[in-house]
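# How does the following fold in three dimensions:
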Amino acid sequence: MLYLSRIHSVGEAIRDATVTFKSNEALIEAERHRENGRWTYLQLREQAERFAALLQGQGFAPGDRCAILMQNQSKWIFSGLGALWAGATLVPIDYKLTAREQLELVAHCRPRVLVTEYGTWAKLQREEGLRREEGVRREEGHGDALERTLVLVTEAPEGAELGPARRWEQEPAGGFSYQERSREDVACIVYSSGTAGAPKGCMLTHANYLRQAEILGNLYPLKEDERFFSVLPTNHAIDFMVGFIVPLLMGGAIVHQRTLRPQFLRATMKKYGITHIALVPTILKNLQKRIRERLDELPGWQRQAIDGLIRANEIVTRKQPNHRLSSTLLRPIHESLGGKLKYIFAGGTFVDRKLAEFFYELGIPVVIGYGLTEASTVITVNDLKPFRSDTVGKAVEGVDVEIRNANDAGVGEVWVRGPTVMKGYLDAPELTEETLVGGWLRTGDLGAIDISGHLKLFGRAKNMIVTEGGKNIYPEDIEAAFVGLPGIEEYCVFAADYIWPRGSMTGEELVIVLRPDGDGPTEECLQELRARNRKLADYKRLSAFVVEREEFPVTASMKIKRGALAEVLRKRVREEVVRGLEG
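The predicted model follows:
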């Protein structure tokens, strides 16, 4: 059990853990089929202290900001932990953003230090050069922000030209001195995924993180001999909490893999005996597809036997999961995922009910939760007693959830209050006042609470479509009807008039955007699309589809950036929309 009420900071809590668990394995870094290294808690402490000393030798002071712009790897953990021990406010930045977007965030947060990888630093320098060629003035921020920032670059080739940057691997000039922080100090500035327009940097305190870690660590503990596979980017709010802070507080190990191609995920899970993992639904679907393909290849009698065992497992684990029993009954399936996987934490977007049920029936529960960066990750979560795939669970301990301005069906905006809610947005007092009202966080999400206290989500308020007949439509609700369309990699539903405005509020139509996995969509796909469309209520039916060949823009948590996708589509003429779905 975690008891963190007397701990002052995240850095202090993990520093204590490096003493308590000093001989335990803390971190493993793999790359494809090769292991790059592994470190005990004692060795982790040594690496973090070396980095903290490096910062302090450059004049770094408590409260200064340290931005980290890196892929998942050991040096992310060394840098983040060392910076916390030097008294830093961490600023994790999404490495999947464009160089221009990354520069905008660096300019906004004004870090004292930026830690990045050699390849990323080269892109940032090129982008700076392009901006100067375009005549971007220094006072607009980007050049000045980098000039005031000490850039530390990892793994630069010998003799590489780094410009004003320095090597991360250089030896510190002096010793290390641990810096205390208070619970109300800002621990991290995390940029909310899906941010459009002005950057929204959520200021999260040490108290926010410690309370969240205590809640999640006690609900879903990680034992000392268990391993968390960090697949989501460490800068992502979910992985930062359950793939960095919580495992280290509990004495478990973190496994990083520097390539996240699907073909290497299962191999790593088997090699290292992964017990916990956080995934977004897109990766879950890929795992489901591979498992189904293997089952379909079995002779008929074997498939029938396994189907019988799945039904038996479903019956005996109806009240709560039993990993030991399930992994025994369905050993071949569990072995294909490493044999020790106990929990899959899902988040970042809506989780299809049937997808969650598929894994639970196999004895691998998908922990469905709901949260926002503004609330330190998790607001509600399913405790699996019993498992429910139709909700995002109950409010976690100490957090209040209310539905405001509900309609006749009980659906309204979700408001949240509790110890995990952020301090506010960086340098954005007006936006903070709009979002934090009387101690409550306005989420902008639409939901309803059922009689058992479980929250059900219906979409984003800003994505809601109102039909001519006065019906409210949530794109996510419609999208759930088209899960698994053959030959389709991604899809998204819009109001057609949102993309191609006609200046009229009547005759609204819905359109689905499809990204096929080949030259499609195939005739099989279109037939299935039309068949499912006919099953929808009249006011929810699509009237058209459009094909987009490029990958959809997504956030770090793999949510589709609807606004950005709409901008791409607006550049195309309305006549490119293909009709024929009504039949």
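# low pLDDT regions in the stretch 401-550 of the chain?
For the stretch 401-550 of the chain, the stretches with pLDDT under 70 are 461-472, 502-508.
# Strands along the stretch 201-350 of the chain, start to end?
Assigned by DSSP state E, counting those that start in this stretch, the strands in the stretch 201-350 of the chain fall at 201-205, 227-230, 253-257, 276-279, 343-346.
# Could I get the ones you listed in a markdown table, plus columns for distance to Ala83 and mean neighbour count?
(Each C-beta comes from the backbone N, C-alpha and C, glycine too.) Converted to a markdown table, the strands of the stretch 201-350 of the chain look like this (distance: least, Cβ to Cβ, whole Å; neighbours: other Cβ atoms under 10 Å):
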| stretch | distance to Ala83 | mean neighbour count |
| --- | --- | --- |
| strand 201-205 | 15 | 25 |
| strand 227-230 | 18 | 26 |
| strand 253-257 | 17 | 26 |
| strand 276-279 | 23 | 25 |
| strand 343-346 | 25 | 23 |
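# Specify the residue ranges that define each domain of the protein.
10-257, 280-461, 467-576 (automatic domain parsing).
# Tell me the gap between the first one and the middle of its chain.
Centroid separation for domain 10-257 versus its chain: 16 Å, with Cα atoms, centre = their mean, to the nearest Å.
# Which helix or strand in this protein has the lowest average pLDDT?
Counting by mean pLDDT, DSSP states H and E, the weakest-scoring helix or strand in the chain turns out to be helix 142-147, with a mean of 59.
# Need the CA coordinates for whichever helix or strand Ala17 is part of. CSV is fine.
Assigned by DSSP states H and E, Ala17 belongs to helix 10-20. These are the backbone C-alpha positions of helix 10-20, laid out as CSV (Å, rounded to 0.1, in the frame of the first residue of the first chain):
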residue,chain,number,x,y,z
VAL,A,10,7.3,13.4,-6.2
GLY,A,11,11.1,13.6,-6.2
GLU,A,12,11.2,12.8,-2.5
ALA,A,13,8.9,9.8,-2.8
ILE,A,14,10.9,8.2,-5.6
ARG,A,15,14.2,9.1,-3.9
ASP,A,16,13.0,7.1,-0.8
ALA,A,17,12.1,4.2,-3.1
THR,A,18,15.6,4.1,-4.6
VAL,A,19,16.8,3.4,-1.1
THR,A,20,14.1,0.9,-0.1
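# coming back round to it: most tightly surrounded among the domains of the chain?
domain 10-257 (a mean of 19; mean count of other Cβ atoms under 10 Å).
# Pull up the distance across that one, start to finish.
Using Cα to Cα, to the nearest Å, one end of domain 10-257 lies 25 Å from the other.
# try stretch 499-516
One end of stretch 499-516 sits 20 Å from the other (Cα to Cα).
# Over to stretch 407-416?
Stretch 407-416 end-to-end distance (Cα to Cα) = 19 Å.
# who's in contact with it?
With Cβ atoms under 8 Å, 6 or more residues apart in numbering as the contact definition, stretch 407-416 has outside contacts at 372, 375, 379, 399-406, 437, 440-449, 455, 457-458, 461, 472.
# taking these one by one, which sit in strands?
In strands, judged by DSSP state E, the following of the contacts of stretch 407-416 are found: 400-404, 437, 440-449, 455, 457-458, 472.
# got the end-to-end distance for stretch 408-417?
End-to-end distance (Cα to Cα), stretch 408-417: 24 Å.
# ignore the last one, stretch 478-489
End-to-end distance (Cα to Cα), stretch 478-489: 17 Å.
# so how far is that stretch off the chain centroid?
How far stretch 478-489 lies from its chain's middle: 22 Å, per Cα atoms, centre = their mean.
# Let the chain start at 533 from now.
Sure, I'll start counting at 533 from here, so that last one is stretch 1010-1021.
# hmm, who's touching that stretch?
So stretch 1010-1021 is contacted by 817, 882, 884-887, 1023-1025, 1042, 1044, 1046-1050, 1052-1054, 1056-1057, 1060-1061, 1064-1065, 1067-1068, 1072, 1074, 1083 (Cβ under 8 Å, 6+ apart).
# quick one on the thing from earlier: ok, which of the strands of the stretch 733-882 of the chain comes nearest Ala580?
strand 785-789 (13.5 Å; Cβ to Cβ).
# Can you verify my assumption that Asn845 contacts Tyr892?
No: counting by Cβ atoms under 8 Å, Asn845 sits too far from Tyr892 to count as a contact (9.3 Å).
# So, low pLDDT: which residues of the stretch 783-932 of the chain?
Ranges of the stretch 783-932 of the chain meeting pLDDT under 70: 792-795, 879-882.
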